[in-house]
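Chemist: model the following, please.
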Amino acid sequence: MTDATPASFAAHARLRWLHRTIALQYARQRTADVMLGGGAGYFRQAALPAPWELGMHYANTTAGLQAATSLPLLGLFAEHDLPWEIDREPRQVPSLRQMASRAAELLKAKAGSNGFFLLVEGSLIDKSAHANDLGAHLHEILAYDEAVGAMLDFARDDGETLVISTSDHETGGLSLGRDPVVRQPNASFGPEAPLRSHSLLGEAEGVVDTAYAYHPEVLRNQTASADVMARTALLVAGVVADPCGGEGDPCSSGGGGAATSAPAAALATDATRRAALVDALAAQLGSSAGGGLSEVRGFEVEFLREAVELFAAAGARYSLWGKGSSLYRALGAIVSSRAKVGWSTFSHTAVDVPLFSYGPGSHRFRGSLDNAEIGARLAALMELDLSAATAAIGTPLVAEEDVAGDQSRYTQWPPPP
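Modeler: Below you'll find the model as predicted:
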């Protein structure tokens, strides 16, 4: 709930990483009637009273959300990020469709003929693409598609609701079709990666699959995110005590764990444990409760070995998960290769993104638009003066923990000239 996209609609902070300040503003300045998502840890770190002591109804399970009948409502279903859809436990964490539908129902009941604005973010589509985790990415897209379908059903029944679906950018540079290596080339000229979208060496020796094909059945067999597979392997190999611990934990629905902040440090001088981790990663790929591959090939195991060596050498930079991890990215690379799907980057790309609209005013969202123009046109349709609305909020609150933290230079308001 305190990440960049929701915060840009309901908070005023100079830096997206001021999570505790954003949580404080949500709770104290009440800029939204309903807030559903992850981030319970940041609300707690902001030293806030219990939500009900602030006059807010609270939910932290799917049943609790469905039982909610009035606003304001705060629903927090994970310590940090919500779990990946492929890993979600439905009784604990509601789906994006369930959150969107319940929010729309409650807002309509309160607003009546005055109408309402609702932001629904499928944030883990982007985050799974950063990891090139194709199976998790697919499940996030399907979950978002279900949420859009529910909002379209709402709009059709209501007759007065505008629905817009778009994105601020693409991530990963995904493409259907590639020529993956299917066995290790005989010659070796150094670190040319056999799991890239194309291999010069593999092509020269005729060990690439050049068929014009795509294999979605590989994704059907994947039953866990690459993230959870990597964490489970770390647990099995004895590197961490809890596979779902650490900052930014996306695999736990609220508990977190006591895993060390730098599991790689235990591997740097322990060759036996590194070998055990390679075996555990391969086992996760081959497990029906993980990657679901019928066989992990020898050169894929070697690729996992390289990833483990990099993970161990990187130390604290690969804390769970810090700047990203060679472990879950290697798992994602193998699954993507098997599906004959390519990626160009672990980061954002500059390609145009789709923009869809339905309902009254939808004609204003046609053609090629700068993404900032979406908000301006929405404000115009709602007859909302953004400057006046901002002024009405007054001076934004800042969490004391942020004032004393590493990002304190960004807590001064208004910003210095």
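
Chemist: please enumerate the strands of the chain.
Modeler: Secondary structure of the chain (DSSP state E): strands at 34-37, 57-59, 73-76, 163-165, 170-171, 175-176, 341-342, 348-349, 356-358.

Chemist: which among these is found nearest to Ile22?
Modeler: Ranking the strands of the chain by proximity to Ile22 (Cβ to Cβ) places strand 34-37 first, at 10.7 Å. For glycine as for every other residue, the C-beta is placed from the backbone atoms N, C-alpha and C.

Chemist: any idea how far Leu369 is from Leu384?
Modeler: Counting by Cβ to Cβ, to the nearest Å, the separation of Leu369 from Leu384 is 19 Å.

Chemist: between the two, which one's more packed in?
Modeler: Here Leu369 and Leu384 are compared on neighbour count by other Cβ atoms under 10 Å; more neighbours surround Leu369, at 15 against 12.

Chemist: what's the separation between that one and His215?
Modeler: Using Cβ to Cβ, we find Leu369 at a distance of 36 Å from His215.

Chemist: the worst-scoring helix or strand of the chain on mean pLDDT packs against which elements?
Modeler: Here the helix or strand of the chain ranked lowest by mean pLDDT, DSSP states H and E is helix 200-205, holding a mean of 80. Other elements packing on helix 200-205 under the criterion 3 or more Cβ pairs under 8 Å, 6 or more residues apart in numbering; DSSP states H and E are absent; no helix or strand qualifies.

Chemist: ok, and for it, which residues are buried?
Modeler: Under the neighbour-count criterion of 16 or more other Cβ atoms under 10 Å, helix 200-205 has Leu201, Gly202 buried.

Chemist: Serialize the strands of the chain to CSV and add fields for mean pLDDT.
Modeler: Converted to CSV, the strands of the chain look like this (pLDDT from 0 to 100):
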stretch, mean pLDDT
strand 34-37, 97
strand 57-59, 95
strand 73-76, 96
strand 163-165, 97
strand 170-171, 95
strand 175-176, 90
strand 341-342, 92
strand 348-349, 94
strand 356-358, 97
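
Chemist: mind checking which of these is nearest Thr223?
Modeler: With Cβ to Cβ as the measure, strand 341-342 is the member of the strands of the chain nearest Thr223 (17.8 Å).

Chemist: direction included, what does that closest one pair against?
Modeler: strand 175-176 (antiparallel) (DSSP bridges).

Chemist: off-centre distance for the strand it pairs with?
Modeler: Per Cα atoms, centre = their mean, to the nearest Å, the displacement of strand 175-176 from the mean C-alpha position of its chain is 21 Å.

Chemist: for stretch 57-65, same thing?
Modeler: The offset between the C-alpha centroid of stretch 57-65 and the centroid of the whole chain comes to 21 Å, using Cα atoms, centre = their mean.

Chemist: send me that stretch as CSV with only the CA atoms.
Modeler: As requested, C-alpha coordinates have been extracted for stretch 57-65 and formatted as CSV (Å, rounded to 0.1, in the frame of the first residue of the first chain):
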residue,chain,number,x,y,z
HIS,A,57,-12.3,-0.8,10.2
TYR,A,58,-9.6,-3.4,9.7
ALA,A,59,-9.2,-6.7,7.8
ASN,A,60,-6.2,-9.0,7.5
THR,A,61,-7.8,-12.1,6.0
THR,A,62,-10.0,-12.9,3.0
ALA,A,63,-13.0,-13.6,5.3
GLY,A,64,-12.4,-10.3,7.1
LEU,A,65,-12.5,-8.4,3.9
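
Chemist: any buried residues in it, and which?
Modeler: Going by neighbour count (16+ other Cβ under 10 Å), the buried part of stretch 57-65 is His57, Ala59, Asn60, Thr61, Thr62, Leu65.

Chemist: and stretch 14-27, by the same measure?
Modeler: For stretch 14-27, by 16+ other Cβ under 10 Å, it's 14, 16-27.

Chemist: please apply the same query to stretch 214-230.
Modeler: Within stretch 214-230, the residues that qualify as buried by neighbour count (16+ other Cβ under 10 Å) are Val218, Leu219, Asn221, Gln222, Thr223, Ala224, Ser225, Ala226, Asp227, Val228, Met229, Ala230.
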